[in-house]
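Chemist: No letters, just coordinates:
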């Protein structure tokens, strides 16, 4: 019979894993970052959708182009045997240059994660970002932002400025990313509940 402390230990291990992912991502610890996911794990964020191992390589190539930090603000999870799902609040902060103007940004979103326990260790099997809101400001005294209003207006409000920066950097940005209270978010939650009971 499982002890009363076992669920708490699993939850603590999952929360630590999620913090470790952010630390490794922000500090270029690529091997350790890759180890946070199962070998076949995948990730879907604003600028990338695919295998996590490919995400790690893409992140490595982009390292140094701007400064980003992922602040993990708390995690709730549900564990069922060797499967779990978790939702984490994230604040991404950073600074860089946009069309020659120094800028800084803040983006609030959540990760909805599916997890599996393999050989006693929890790892991420799928991660999807759900976007809530973001902001962008000039980061030099007297500087002003001159944004393309038409391009900006095409982007959904929850990730409008993040999407704009990515477009200006040459990335493709989907217009149907999961956002707060969207049908896509509801589907992710249904998939997470189903994941717990998959054979």
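Modeler: It's in. Just so we're clear, the structure is a prediction, and the values are computed from it rather than from any experiment. Numbering: from 1, shown residues only.
Chemist: So residue 71, which state does it fall into?
Modeler: strand (DSSP: H, G, I helix; E, B strand; the rest coil).
Chemist: Could you list every helix and strand that the longest helix along the chain packs against?
Modeler: For the chain, the helix that runs over the most residues, judged by DSSP state H, is helix 6-26. Counting contacts by 3 or more Cβ pairs under 8 Å, 6 or more residues apart in numbering; DSSP states H and E, helix 6-26 packs against helix 30-34, strand 67-80, strand 83-98, strand 101-118, strand 121-138. All C-beta atoms are positioned from the backbone trio N, CA, C, and that covers glycine.
Chemist: mind putting those in CSV, mean neighbour count, mean pLDDT and distance to residue 195 included?
Modeler: Converted to CSV, the helices and strands packed on helix 6-26 look like this (neighbours: other Cβ atoms under 10 Å; pLDDT from 0 to 100; distance: least, Cβ to Cβ, whole Å):
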stretch, mean neighbour count, mean pLDDT, distance to residue 195
helix 30-34, 15, 96, 22
strand 67-80, 16, 94, 9
strand 83-98, 18, 96, 6
strand 101-118, 20, 96, 5
strand 121-138, 19, 97, 8
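Chemist: Residue 116 is in contact with residue 123, correct?
Modeler: Yes - the pair residue 123 / residue 116 is scored as a contact, 6.2 Å apart, by Cβ atoms under 8 Å.
Chemist: doesn't residue 152 fall inside a helix?
Modeler: Yes - remark: residue 152 belongs to a helix, assigned using three-state DSSP.
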